[in-house]
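A.B. asks: Just a sequence and a predicted model for now, questions to come.
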Amino acid sequence: MDIFQHFLSHQSENTSAFSDIFRTAKEFHRLLGQKNYLLNHYLSMFFRLIVEMDFCALEDEIYQSISDLQKKIQDDLENNNGSILMFDCQEPSTEMELCWTALADSLLEQALKEFYNTYTRSYHLSVDLVDMRQTEQKLMEILGNDAWEQFQQKLIHCFLTCSLMQLFHHWIVIEISKHFLSRDLETDQEIFRLFLNHFSIEKSS
């Protein structure tokens, strides 16, 4: 496998055109008759959710999340309360980076959980999500499950080729990876190399 191709490839093969969305919506209008206001209401809420995807604000969220995680590790190291794995290092910065590496899984999980909760609350302020779900249910009952789900797939392929959570996840992974590549001042080795040595010893003992 040529892994570099994944850096630049367009992952989604099932894309939908805007014209497909409006063509299907027009057909649904005909089927819905006097209840076509339900679809208009639903699409209005959907488009409002899309425009709420503020990538500049997302970048700020990522840096804030990294800062919060950094502070937590620093506090745990200073308190030495046994909740964090300690490394025998001369350089405090190396110990910090090794802790980042050792805790990468839990740090990522914590960041994703906090991001999900924060943005769920934020979206509730922009769109009544209960109303949106109820409108979905009414449209599904009138149009049928299969037709409605196919339309929703078109919406997803056209407007949500990458979700906010996927972007946040990817950027957090990049920020964590920066810690893997930082260097120990004493040995000039990359942190991931030092961690691999420690990891091997831990696993074999």
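C.D. replies: Alright, I've got the coordinates.
A.B. asks: What residues sit buried inside stretch 52-59?
C.D. replies: Under the neighbour-count criterion of 16 or more other C-beta atoms under 10 Å, stretch 52-59 has Met53 buried. Glycine gets a C-beta too; all of them are placed from N, C-alpha and C.
A.B. asks: residues in contact with it?
C.D. replies: Contact with stretch 52-59 is made by 122-123, 126-127, 164, 167-168, 171, as judged by C-beta atoms under 8 Å, 6 or more residues apart in numbering.
A.B. asks: ok, now stretch 116-136?
C.D. replies: Here stretch 116-136 has contacts from 38, 41-42, 45-46, 48-49, 52, 61, 148, 164-165, using C-beta under 8 Å, 6+ apart.
A.B. asks: picking up where we left off before, could you export the contacts of stretch 52-59 to TSV, including columns for neighbour count, secondary structure and distance to Asp76?
C.D. replies: Below are those laid out as TSV (neighbours: other C-beta atoms under 10 Å; DSSP: H, G, I helix; E, B strand; the rest coil; distance: C-beta to C-beta, whole Å):
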residue	neighbour count	secondary structure	distance to Asp76
Ser122	13	helix	29
Tyr123	17	helix	32
Ser126	12	helix	36
Val127	16	coil	38
Leu164	20	helix	29
Leu167	15	helix	28
Phe168	20	helix	24
Trp171	18	helix	24
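A.B. asks: And the furthest pair within those residues?
C.D. replies: Farthest pair in the contacts of stretch 52-59 (C-beta to C-beta) is Val127 and Trp171. Separation: 24.3 Å.
A.B. asks: And the contacts of stretch 52-59, which is closest to Ser93?
C.D. replies: Of all the contacts of stretch 52-59, Ser93 sits closest to Trp171, with 22.9 Å by C-beta to C-beta.
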